[in-house]
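Asks: Dropping the sequence and predicted coords here.
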Amino acid sequence: MPHYDPDVLALRALGEEVGPPDADAHLAECAQCRTELESLRHVVRTARSGSPDDAPQAPPEHVWEGIRTELGLTTPAAPDAPTPDAGPPGPVVQDAATDEPPADELGAARHRRLRRARTAPLLMAAAAAGAVVGGLGVWALTDGPGVEPAPEVVASTTLDPLPSWDVQGTASVELAADGTRLLVVEVPGAGTGDADGYHEVWLLDPDVSQLVSLGVLEGESGTFAIPAGLELDALPVVDVSLEPYDGDPTHSGDSVVRGTLQG
């Protein structure tokens, strides 16, 4: 089975409905594409959770001072005026904008100072640009605010429709860097429920005799924290039900999709 182009997965992670007509069916069957898509979606969620406070700050003055020191750059002094006993002036010094050196020694010294005065700011600007670009690259790859390692997908399943339903979905368990387990549920076409009820996500045992509610599925996708003490080996079945607005917290018995997590 051919896998989707990474560009297609990236666009779908951003919320674009792209790909062939059987895109959802392929994702439901292909664990590799589904895992890559979930990782990209996590990156999108992380990026969108940033704030203006996360933007990089301008380096302090001592950073620029360090750059100037490292490159041996100093503020150029003004050209020295000839002393009274310097003798008659030599030939006319060529304009500082040209690169041809003057013939006399005094003019050559002035020319070198003027060239340094022209080139030092350019060198400093180039060094500053390199430092900023390099610093931002390291900042983004290491200590950039809001940047977290992509979570590890430790289990996943296809959510198959129950009788009288024709939608299909996926579910995966992500292990975050801090050890938190998250259940990511996708049910394309499920909508947001209707006037008769809403969708709720559950974890069940294989005999459907024990169950734990993780929360309401708002829309076609959602992420739910799995309680730290809950053993997925005991409750590996992901179930999405349609619940009526009757105030009863128990399962309605009307399951829309269901699947068993596999690591």
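Replies: Ah, there it is. This one's a predicted model, so the numbers in the text were calculated from it and none came from an experiment. Residues are numbered from 1 along each chain as shown.
Asks: buried set for the lengthiest strand in the chain?
Replies: Across the chain, the longest stretch assigned as strand under DSSP state E is strand 152-161. Judged by neighbour count (16 or more other CB atoms under 10 Å), strand 152-161 contains these buried residues: 153, 155, 156, 157, 158, 159. For the C-beta atoms, the positions are set from N, CA and C on the backbone; glycine is no exception.
Asks: Mind putting those residues into TSV with pLDDT and distance to residue 221?
Replies: Shown next, in TSV, are these (pLDDT from 0 to 100; distance: CB to CB, whole Å):
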residue	pLDDT	distance to residue 221
153	93	15
155	95	17
156	96	14
157	96	15
158	96	15
159	96	12
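Asks: Could you identify the most distant pair in these?
Replies: Largest separation among the buried residues of strand 152-161 by CB to CB: 153 and 159, giving 15.5 Å.
Asks: quick one: residue 203 from residue 185, how far?
Replies: 11 Å (CB to CB, to the nearest Å).
Asks: quick one: common contacting residues for those two?
Replies: Counting by CB atoms under 8 Å, 6 or more residues apart in numbering, the residues touching both residue 203 and residue 185 are residue 238.
Asks: all strands of the stretch 101-250 of the chain, in order?
Replies: According to DSSP state E, counting those that start in this stretch, the stretch 101-250 of the chain carries its strands in the segments 152-161, 169-175, 181-186, 198-204, 211-217, 221-225, 237-243.
Asks: what's the angle between the third one and strand 152-161?
Replies: Okay, so that is strand 181-186. 40 degrees (axes from the mean of the first three to the mean of the last three CA atoms, to 10 degrees).
Asks: now the second one
Replies: Strand 169-175 runs at 160 degrees relative to strand 152-161, counting by the same axes, to 10 degrees.
Asks: for strand 169-175, packing partners?
Replies: helix 23-29, helix 31-48, strand 152-161, strand 181-186, strand 255-260 (3 or more CB pairs under 8 Å, 6 or more residues apart in numbering; DSSP states H and E).
Asks: and the angle from the fourth one to strand 237-243?
Replies: Looking back up the chat, that one is strand 181-186. Between strand 181-186 and strand 237-243, the angle formed by their directions is 60 degrees, by the same axes, to 10 degrees.
Asks: Which elements pack onto strand 181-186?
Replies: strand 169-175, strand 198-204, strand 221-225, strand 237-243.
Asks: how does it look with 6 Å?
Replies: Here strand 181-186 touches strand 169-175, strand 221-225, going by 3 or more CB pairs under 6 Å, 6 or more residues apart in numbering; DSSP states H and E.
Asks: hmm, back to that, would you format the helices and strands packed on strand 169-175 as a markdown table with distance to residue 216 included?
Replies: Putting these into a markdown table (distance: least, CB to CB, whole Å) gives the following:
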| stretch | distance to residue 216 |
| --- | --- |
| helix 23-29 | 22 |
| helix 31-48 | 18 |
| strand 152-161 | 16 |
| strand 181-186 | 11 |
| strand 255-260 | 13 |
